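K.L.:
The sequence and its predicted three-dimensional model are supplied below.
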Amino acid sequence: AEMRTFRSADGLPLKGILIKPENFDPDKKYPLMVYIYETLHQGLHRFRNPSPGSSVNPAYYVSNGYVLWMPDIEYVTPGYPGRDAMKCVLPGINMLIGEGIADAEAIGIQGHSWGGYQISYMITQTDIFAAAEAGAPVSNMTSAYGGIRWASGLVRQFQYERTQSRLGGSLWEVPLRYIENSP
């Protein structure tokens, strides 16, 4: 695993983790698995037990001939998290294609929860991915707005307005943002 630097479509400096298979051949193009969830670079030296679960298993993919890419995503455009994700994820993929590491015809992407949302949004905007798996995504922000969080019983409205979804207002204040950000 190695830390890589790249720039978003807006020129923002970003980091990502690139994990290569054992006996990596720099003259070969590899199938690429992309795993996303906000910022991930802090987990460069984190060990993940090989096991089934809701997230990509790095050891499984790289031991089966894939390159794994985990780019950071930074949110700079208030109210448009899907667009910001695209502006961070696609330049990193294109960098790896340009370097001859990734096979442009064999790119998969996986994410869960917020990562699943981002994937659901991205596959409505680009056809770069040969395969996509979005675990537990929100696909309709208007219908999810009034949902209830399982453990706490809190409504999800705050999440869409001010925290992870970053839409910047209520469904009644900025209704088009809820529609435009819904895959």
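P.N.:
Great, that's in hand. If you're wondering where the values come from, they're calculated on a predicted model, not measured in any experiment.
K.L.:
CA only for contacts and neighbour counts going forward, please
P.N.:
Noted.
K.L.:
Quick check: phi and psi on the closest residue in space to Leu154 that isn't next to it in sequence?
P.N.:
In space, and not counting its chain neighbours, Leu154 is closest to Ile148: 5.6 Å by C-alpha to C-alpha, 6 or more residues apart in numbering. Ile148 has phi and psi values of phi -110, psi 130 when expressed as degrees, to the nearest 10.
K.L.:
Now do the contacts for Ile148.
P.N.:
154-156 (C-alpha atoms under 8 Å, 6 or more residues apart in numbering).
K.L.:
Confirm for me that Met122 is in contact with Gly82.
P.N.:
Yes - Met122 lies in contact with Gly82 (C-alpha atoms under 8 Å); the separation is 7.0 Å.
K.L.:
Going by distance to Ile97, which of the contacts of Ile148 wins?
P.N.:
Checking the contacts of Ile148 against Ile97 by C-alpha to C-alpha gives Arg156 as the nearest, at 38.4 Å.
K.L.:
residue contacts, that closest one?
P.N.:
Counted by C-alpha under 8 Å, 6+ apart, Arg156 has contacts 144-149.
K.L.:
measure it to Tyr61 for me?
P.N.:
34 Å (C-alpha to C-alpha, to the nearest Å).
K.L.:
Give me the pLDDT value at the residue most central in space within the chain.
P.N.:
Here the mean C-alpha position of the chain is nearest to the C-alpha of Ile36 (C-alpha atoms, centre = their mean), at a distance of 2.8 Å. Note for Ile36: predicted pLDDT of 97.
K.L.:
State the distance from it to Asp27.
P.N.:
Taken as C-alpha to C-alpha, the span from Ile36 to Asp27 is 26 Å.
K.L.:
What are the buried residues along the longest helix anywhere in the chain?
P.N.:
Among the segments of the chain that qualify as a helix by DSSP state H, the longest is helix 81-98. The neighbour-count check on helix 81-98 (16 or more other C-alpha atoms under 10 Å) flags 81-93, 96-97 as buried.
K.L.:
what does that helix contact?
P.N.:
In contact with helix 81-98 (C-alpha under 8 Å, 6+ apart) are residues 6-10, 14, 71-77, 102-104, 118, 121-122, 165-167, 181.
K.L.:
Out of those, list just those in strands.
P.N.:
Counting by DSSP state E, the contacts of helix 81-98 place 6-7, 14, 71, 102-104 in strands.
K.L.:
Give me the residue ranges of this protein where confidence is low.
P.N.:
53-54 (pLDDT under 70).
K.L.:
hmm, try it at 80
P.N.:
By pLDDT under 80, the weakly predicted segments of the chain are 48, 50-55.
K.L.:
which residues of it fall in helices?
P.N.:
Using DSSP H, helices in the chain cover 58-63, 81-98, 114-122, 141-144, 157-161, 175-180.
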